[in-house]
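Engineer: A predicted structure for the sequence below; I have some questions about it.
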Amino acid sequence: MALNTIELASVFQTELDRKMVSDSGTGWMEVNSKLIQYNGGNEVKIADIVMDGLGDYDREKGFPKGGVSLKFSTHIMTQDRGRTFSLDAMDVNESNFVMTAGQVLKIFQQTKVIPEVDSYRYSKVAQLAAENGRVSYGYNPAAGTIFEALTTDIAKVQDKIGADIPLVITLSIMTANILFNNEKISKSINVTDFEKGDVQTQVKSINGVPILSVPSDRLKTEYVFYNGAGEEEKGGYETTENAKTINWIISAKEAPIAVSKQDKMRIFNPDSNINADAYKLDYRRYHDLWIPKNKFDGIWVNIKEAQ
């Protein structure tokens, strides 16, 4: 019986998309993509709403006239990434192909895709924050000062948007270690529920704000993303020489809008593969991130190096 490649591809795509949200440090940002309309293509339009404030009511003339302005800003999807893999037919038979293909794609997503997507998103948030004056520089995390530095940055955000708007703190694992191992502030650290897509988990929190810890290599301000061809055959990404270290990102949960769309997850069996007697796995991830203009008050980025 021939292998049902279409059905397998559908199963893999659904599972990979789900794992992308649950396993990624930035998966929670994809929930905000529901706030925009995206039906494919490389353009995303995000609504910017501006309206007048209150005025004095006049008992003769009635209500003061006000205006509402609705404009759409166009954003271009820039990250169109992919890779193809080949599994020789002599090494794989139909009885174990699902397990083999699933393992290859699982490892690829965990070790290559998620770290790259996370790194791109964090660096993009930092770059946009810097462009809008929502960054502080020159703080080297230390046990004696980190609590005050972090809570001060939280206050900077809440002073703009209010204390009731849900926030998310993203720290490097090393910075989180300095924070969590400080005996003086351990009583201020609690555990709270946190949703990433349809996955409910528990994370540590400070003053009710959930803290997500991620590898330090993902919290840099700038990366280069290789094209996977020629001299850049290995693909992937790495930090640039000018990259700075992000101590933490404080964000209103609804501020960053991340779109991640796997346009193609194709699997060809050896009979369908005209180039080789092998199973062929094609993986493509199309993604980007934006912050609406009226959401920058809900962002603050703390960077280790001086400006």
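Structural biologist: Happy to help now that I have it.

Engineer: the helices in the protein, which residues?
Structural biologist: 5-23, 94-108, 114-131, 146-161, 173-180 (DSSP state H).

Engineer: ok, Gly25 - contacts?
Structural biologist: Ile114, Asp118, Thr170, Leu212, Val214, Arg218 (Cβ atoms under 8 Å, 6 or more residues apart in numbering). C-betas here are computed from N, CA, C, even on glycine.

Engineer: now for those residues, which pair is the farthest apart?
Structural biologist: Among the contacts of Gly25, the pair separated by the greatest distance (Cβ to Cβ) is Ile114 and Thr170, at 14.4 Å.

Engineer: can you report how many residues neighbour the closest residue to Phe180 other than its chain neighbours?
Structural biologist: What sits nearest to Phe180 in space, not counting adjacent residues and going by Cβ to Cβ, 6 or more residues apart in numbering, is Ile189, at 6.2 Å. Here the number of neighbours of Ile189 (other Cβ atoms under 10 Å) works out to 15.

Engineer: beta-bridge partners for Ile189, please?
Structural biologist: For Ile189, the beta-bridge partners under DSSP bridges are Ile206.

Engineer: and Asn302, by the same measure?
Structural biologist: Beta-bridge partners for Asn302, by DSSP bridges, are Ser136, Trp248.

Engineer: can you give me every residue that contacts it?
Structural biologist: Val135, Ser136, Tyr139, Ala149, Leu150, Asp153, Ile246, Asn247, Trp248, Ile249, Ile250 are the contacts of Asn302 under Cβ under 8 Å, 6+ apart.

Engineer: quick one: which of those is nearest Glu183?
Structural biologist: If you rank those by distance to Glu183 using Cβ to Cβ, Leu150 comes first, at 16.4 Å.

Engineer: any idea how far Leu128 is from the closest one?
Structural biologist: 21 Å (Cβ to Cβ, to the nearest Å).

Engineer: with Trp300 instead?
Structural biologist: Relative to Leu128, Trp300 is positioned 12 Å away (Cβ to Cβ).

Engineer: these two: which is more packed in?
Structural biologist: Taking neighbours as other Cβ under 10 Å, Trp300 and Leu128 compare with Trp300 leading, 25 against 20.

Engineer: pull the longest strand from the chain.
Structural biologist: Under DSSP state E, the strand in the chain containing the largest number of residues is strand 278-290.

Engineer: quick one: list the elements packing against it.
Structural biologist: strand 43-51, strand 68-76, strand 79-88, helix 94-108, helix 114-131, strand 257-261, strand 265-268 (3 or more Cβ pairs under 8 Å, 6 or more residues apart in numbering; DSSP states H and E).

Engineer: quick one: strands adjacent to that strand?
Structural biologist: Counting by DSSP bridges, strand 278-290 is paired with strand 79-88 (antiparallel), strand 257-261 (antiparallel), strand 265-268 (antiparallel).
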